[in-house]
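> here is a sequence with its predicted model. Questions after.
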4 protein chains.
Amino acid sequence: MMHITIWNENRHEQKNPEVKEIYPEGIHGQLKSFLEGAHTVTTATLDEPEHGLTDEVLKKTDVLLWWGHLAHEEVSDEVVEKVRQRVLEGMGLIVLHSAHFSKIFKVLMGTSCDLKWREADETERLWVVDPSHPITEGIGEYIELEREEMYGEHFDIPAPDQLVFLSWFEGGEVFRSGCTYQRGNGRIFYFRPGHETYPTYHNDKVQRVIQNAVEWAAPLSRPRPIYGNAPSIEEIKPKN
Amino acid sequence: MMHITIWNENRHEQKNPEVKEIYPEGIHGQLKSFLEGAHTVTTATLDEPEHGLTDEVLKKTDVLLWWGHLAHEEVSDEVVEKVRQRVLEGMGLIVLHSAHFSKIFKVLMGTSCDLKWREADETERLWVVDPSHPITEGIGEYIELEREEMYGEHFDIPAPDQLVFLSWFEGGEVFRSGCTYQRGNGRIFYFRPGHETYPTYHNDKVQRVIQNAVEWAAPLSRPRPIYGNAPSIEEIKPKN
Amino acid sequence: MMHITIWNENRHEQKNPEVKEIYPEGIHGQLKSFLEGAHTVTTATLDEPEHGLTDEVLKKTDVLLWWGHLAHEEVSDEVVEKVRQRVLEGMGLIVLHSAHFSKIFKVLMGTSCDLKWREADETERLWVVDPSHPITEGIGEYIELEREEMYGEHFDIPAPDQLVFLSWFEGGEVFRSGCTYQRGNGRIFYFRPGHETYPTYHNDKVQRVIQNAVEWAAPLSRPRPIYGNAPSIEEIKPKN
Amino acid sequence: MMHITIWNENRHEQKNPEVKEIYPEGIHGQLKSFLEGAHTVTTATLDEPEHGLTDEVLKKTDVLLWWGHLAHEEVSDEVVEKVRQRVLEGMGLIVLHSAHFSKIFKVLMGTSCDLKWREADETERLWVVDPSHPITEGIGEYIELEREEMYGEHFDIPAPDQLVFLSWFEGGEVFRSGCTYQRGNGRIFYFRPGHETYPTYHNDKVQRVIQNAVEWAAPLSRPRPIYGNAPSIEEIKPKN
């Protein structure tokens, strides 16, 4: 049993009745509903002090989920740097949908993380391309979402360490929609679907992927490696 | 024929007579000596205005080499961001030795880029582990350097897109010493050897690797992909 | 200037007037038409002695292209093994379309290389997902083919060393359609399009990709590494 | 609790009293001793009918360990093909030491799997290069083995999907000694140490790595993907 923290910007839910109707407890509340029980789950949102991500919260978090969209720039650089350090120490990180543009994902990737997008009520079909990956457990050949926002290539990310899902979009695009990265002691999973005006996080296959990803991203008990000046292990011969 | 810019911190050369003796024209001057002819080569150093990396210089640069050590923090964040944008646009970047801790390498990698190190006049042997890689052209099974600084694992980098060289050190460590990364439209090569108090950049095999890397990192003529809102290519059916 | 050999099964062209009309000189003849000039190009086909791939031909070949479909099983295991050895020695290999099921591709990959397929006159759109890769030089954001055979995921291959193109298909599938692999001293590129009843190899973007791939797959001058029993380079201390 | 099958050639143990003394129950017996309890473990050896790998045994095996050296050629091609199919169906495979030259590893890799080697009572130090990988759980920065056989680069394998350990050898070589591969639905781990005349499989860190690898390679419950002719999911428009 791990400690999971779900971070949500929680702005659309306050402004847009359509979103509030789909996610009356907020996107974070919905994510929590299918993770708790298996794990201890708490939530944190942008408008809390330190965005709810105090040192104490980060320290105890095994896996952090991140959803943001409108207000990436309001997240403080200090909090972002603390989250990055925790990932390098081994905390798992699940980056959802529009969090491709979150500060934390961008600093961990080093690239622009830009992409094509379109809101047009179109069908997305996420194909499993790595059937050996534990994140795909319990998922058939694909997940079909009748309506989603489109994200299209080129997605400006480093080549994923493992590419797990590829999306097909009705309007003609494709997208690398399930990507793993290992950074320092930590494991990161980016998962594309989850536009706020669609009931994506009510889909049981999408839920299963997120549950699997949380297990996959579980931290090891290892400490960070030792860096810096190091005495030799073997004898070094004097040179002339 | 490309335009190559060699950036060097150029501080050790001013302070340390030992370094000045090995590299009377500076490390940048030595790197230039074996790249010019094949290419147009200019140099830039920390203490020049904008560190010698003006918009004009960056715009015309096809491949940028970077050596720094003492003064990474003195490099302005604005220049670093401009270099990063140029890499994403397609400019090649060759990161040498202690530039593992340069701002530009750290922001492109997203990790700490930390490692173990030791100065102990010890032997390094760089083994070719990818004999299909053009960066290894003209190099035998390994490059042996009688005296080098040790860099040891764990090297806190993303897993390289291609791992080209692995180093053996006399004192008992190993290191991923030749690593490629593709970021945006650009190609990056990290190459470990080159401590300032050893004549490493006089070694003809080391020179050959750097020459090969410059060719490998040559920019394509493609523009950056188009990002942002995109009209659909195919017709999208109305949903109920 | 390299020596390129184009291998074609050359059976559809003999049996099917529709194919003969599209490719009056055979698929090999069409491939040759846009590679010669830049390189010395010869062709070889299944029904020639040793399938046209004698030791002499293989020895001088820098890059080999392979198209086959109906008669993979008629290719002799001895020739396949010779081709595999030449790839490991450094010969480039470009595997086209239905050659995903060729013996040579299957033995080099180790997996079934199976996939979904459908012949339904449908649109394929190949998106560039690695804009830093030289194989994409001169190609815009995507290549659109009005009619092609569909190949769909899951494609049972090892994760490519570099994923260059992803295909979108009108009927709802996606496919990893441009994949690089490095094996021994050699470089391999799998490129999906090219069903015999469509004029795909007349498309100038498809031609450009194949031209680029041939350049990218150029062999190095390095010999195979030395394997087997090896004397120590450093002194080994007696243990108690 | 999984069903683990340990396959051992079991020839050195019959011929060489030195090996018999180190492994009185055979290498398979020693491997079994630290895997059973957590799992149901059975063993199989070369000289049993069908090498002990009947359809029934293979079907129930979740993870297969493989140790061989002298008699790779005596393993029947039919059994090798059955094992390969089971890996593609999802069975985990742990390939130990000299099994780099086993038929099963070679057919799964597609390359020669050749390497440098030397028996000289030398020290090996296996450095962790991916501290985020579950196979490294409970292992410090490195594992030191006072005496081992040397395996040196170039190791003629596909670039590993994940590189977990790198070895340093006293005599001057390095080696990619812990490598993961995903093939079809299955996961494969190659782990270098384990020469028959050294007590390597009595080392508790080596045991821990193998225990971790078995967990990591656990099959999913997913069936193989559906291959072959596929009806379209979306409507395909008639072309002119």
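On my side now, so go ahead. Numbers count the residues shown, from 1 in each chain, chains lettered A, B, ... in the order given.
> so which strand or helix has the residue nearest the centre of chain A?
Centroid check for chain A by Cα atoms, centre = their mean gives A:V95 as the closest residue, at 1.5 Å. With elements delineated by DSSP states H and E, A:V95 resides in strand A:92-96, which encompasses its position.
> tell me the strands beside that strand, with direction?
In the sheet containing strand A:92-96, the strands it pairs with under DSSP bridges are strand A:63-67 (parallel), strand A:186-191 (parallel).
> okay, these in a markdown table with mean neighbour count and mean pLDDT next?
For glycine as for every other residue, the C-beta is placed from the backbone atoms N, C-alpha and C. Compiled in a markdown table, those are given as follows (neighbours: other Cβ atoms under 10 Å in any protein chain shown; pLDDT from 0 to 100):
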| stretch | mean neighbour count | mean pLDDT |
| --- | --- | --- |
| strand A:63-67 | 26 | 98 |
| strand A:186-191 | 26 | 98 |
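> ok so, going back, give the next helix or strand downstream of the strand holding A:V95.
Heading C-terminal from strand A:92-96, the first helix or strand you meet, by DSSP H and E, is helix A:103-109.
> contacts for the strand holding A:V95?
The list of residues contacting strand A:92-96 from outside it, by Cβ atoms under 8 Å, 6 or more residues apart in numbering or on different chains, reads A:62-67, A:83, A:87, A:102, A:104-105, A:108, A:186-191, A:194, A:210, A:213-214, A:216-219.
> quick one: residues contacting the residue nearest to A:K116 when sequence neighbours are not counted.
Distances taken as Cβ to Cβ, 6 or more residues apart in numbering or on different chains put A:G152 closest to A:K116, at 3.6 Å, once the chain neighbours are dropped. A:G152 sits next to A:L115, A:K116, A:W117, A:R118, A:F169, A:E173, A:V174, A:F175, B:A230, C:W127 when contact means Cβ under 8 Å, 6+ apart.
> out of these, which are buried?
Neighbour-count burial (16 or more other Cβ atoms under 10 Å in any protein chain shown) is assigned, among the contacts of A:G152, to A:L115, A:K116, A:W117, A:R118, A:F169, A:E173, A:V174, A:F175, B:A230, C:W127.
> what's the spacing between the helix or strand where the third one lies and its chain's center?
Using DSSP H and E, A:W117 falls within strand A:116-128. Shown here is strand A:116-128, whose average C-alpha point lies 18 Å from the average C-alpha point of the whole chain (Cα atoms, centre = their mean, to the nearest Å).
> ok, the residue nearest to A:K116 to C:E153 distance?
Between A:G152 and C:E153 the distance is 17 Å, computed by Cβ to Cβ, to the nearest Å.
> distance of the residue nearest to the centre of chain A from A:N212?
Counting by Cβ to Cβ, the gap from A:V95 to A:N212 is 15 Å.
> likewise A:G171?
As judged by Cβ to Cβ, A:G171 and A:N212 stand 28 Å apart.
> over to A:G110?
Noted for A:G110: a distance of 27 Å to A:N212, by Cβ to Cβ.
> look at these two and report which has more neighbours.
For the pair A:G110 and A:N212, the greater number of neighbours falls to A:G110 (24 against 20), based on other Cβ atoms under 10 Å in any protein chain shown.
> any chance of the strands paired with strand A:92-96 in CSV, plus distance to C:K237?
What follows is the strands paired with strand A:92-96, written out as CSV (distance: least, Cβ to Cβ, whole Å):
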stretch, distance to C:K237
strand A:63-67, 47
strand A:186-191, 39
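> in chain A, what helix or strand scores lowest on average pLDDT?
Per-element confidence for chain A was summarised using mean pLDDT, DSSP states H and E. The lowest value among helices and strands belongs to helix A:12-15, with a mean of 94.
> so what secondary structure elements neighbour that one?
Using 3 or more Cβ pairs under 8 Å, 6 or more residues apart in numbering or on different chains; DSSP states H and E as the contact test, the elements touching helix A:12-15 are helix A:17-22, helix A:26-35.
> out of those helices, flag the one nearest D:I226.
When these are ranked by proximity to D:I226, the top entry is helix A:26-35, at 27.8 Å, counting by Cβ to Cβ.
> list the helices and strands that closest one packs on?
Other elements packing on helix A:26-35 under the criterion 3+ Cβ pairs under 8 Å, 6+ apart are strand A:3-8, helix A:12-15, strand A:40-45, strand A:63-67, helix A:204-216.
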